[in-house]
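Enquirer: Sharing a model prediction with you, sequence too.
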Amino acid sequence: QLQLVESGGGLVQPGGSLRLSCAASGFTLGYYAVAWFRQAPGKEREGVSCISSSGSSTNYADSVKGRFTISRDNAKNTVYLQMNSLKPEDTAVYYCNAERAAPGRYLVIWGQGTLVTVSS
């Protein structure tokens, strides 16, 4: 079974930090580009950051540039999102997504999400 499991969410005060993990099971995450998305209450899901399969290319939403860092350890089959200087507006459920092109199809796998709450 192909599965992504996010972890590391929780309650943190403004200005604090969290590190989210996205661990893959049942497949080799190193063949996939991985992205983090988030969805705040009452809002649409938005892209936060993404990383290429090799880790050589990364991108960030303007709202998180300079505060969040995406990285991957393909030996551990895991992608991380280091979140610093957190703000209340970062409160959301964070999802990771793995994608790759395969002959005749496009593979997309989603995790179940982890809740991040930034509040004093």
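Expert: Sure, I can see it.

Enquirer: Hmm, G9 is touching L20, no?
Expert: Yes - counting by Cβ atoms under 8 Å, L20 is a contact partner of G9 at 6.5 Å. C-beta here means a position set from N, CA and C on the backbone, and glycine is covered the same way.

Enquirer: tell me the contacts of A101?
Expert: Contact partners of A101, counting by Cβ atoms under 8 Å, 6 or more residues apart in numbering, are L107.

Enquirer: try it again with 10 Å
Expert: Applying Cβ atoms under 10 Å, 6 or more residues apart in numbering, we find A101 in contact with 32-33, 107.

Enquirer: now swap in E99 and tell me
Expert: For E99, the contacting residues are 32-35, 50, 53, 106-110, taking Cβ under 10 Å, 6+ apart as the criterion.

Enquirer: in a helix, that's where it is, yeah?
Expert: No - under DSSP: H, G, I helix; E, B strand; the rest coil, E99 sits outside any helix and is assigned strand.

Enquirer: who's it bridged to?
Expert: Per DSSP bridges, the residues bridged to E99 are A33, V108.

Enquirer: In contact with the residue nearest the centre of the chain: list those residues for me.
Expert: The residue lying closest to the centre of the chain (Cα atoms, centre = their mean) is W36, at 2.9 Å. Neighbour list for W36: 6, 20, 22, 47-51, 60-61, 64, 68, 70, 79-81, 83, 94-97, 111 [criterion: Cβ under 10 Å, 6+ apart].
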